[in-house]
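>>> just to be clear, the model below is a prediction. Sequence and coordinates:
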Amino acid sequence: MTTPTFSLTLTALPEHIDELGHVNNAVWVQWIQTVATSHWYATAPEQYRDAFVWVVIRHEIDYLRPALVGDVVTGKTWVGDAPKGARFDRFMEFTGPDGKVLVKARTTWAMLDKATGRPQRITPEIVAPFLG
């Protein structure tokens, strides 16, 4: 069984570029959030989208190559192993126009109950669409 992936394209705009002439590291973190939350909203059933929200509790990011203004970048994400309690790891790769990996990340997320703000155990039913 193959783990399903989710992809989203992003374009490096002038406001994303730092003084070194490439996409700023903080923008990559924003893009990780954008791709991950887009995956959640595109995949999770409505009752879960309405009940839960995700927060990042850890980022591990490798910046391998720069993205330049105008580059169209593809962010691809997938969920790792089954969750542990309220936490799970998500993997991310961003590739440039040439298909080479620019940035790789492993992020740890925790699921919160929207109503209480408290961590919520991730059930097999919630994670099933993400694991295939």
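Perfect, I can see it now.

>>> can you tell me the helix or strand for the spatially most central residue of the chain?
Centroid-nearest residue in the chain: Ala36, 2.9 Å away (criterion: CA atoms, centre = their mean). Assignment of secondary structure by DSSP states H and E places Ala36 within helix 25-43.

>>> so which other helices or strands are in contact with that helix?
Counting contacts by 3 or more CB pairs under 8 Å, 6 or more residues apart in numbering; DSSP states H and E, helix 25-43 packs against strand 6-11, strand 52-63, strand 72-79, strand 87-95, strand 101-113, helix 124-131. From N, CA and C alone the C-beta is placed, and that goes for glycine too.

>>> and the residue nearest to the centre of the chain, what does it touch?
Counting by CB atoms under 8 Å, 6 or more residues apart in numbering, Ala36 touches 54, 77, 90, 92, 107, 109.

>>> tally of neighbours for the closest residue to Asn24 other than its chain neighbours?
Excluding the flanking residues, the one nearest Asn24 by CB to CB, 6 or more residues apart in numbering is Asp18, at 4.0 Å. Counted with other CB atoms under 10 Å, the neighbours of Asp18 add up to 12.
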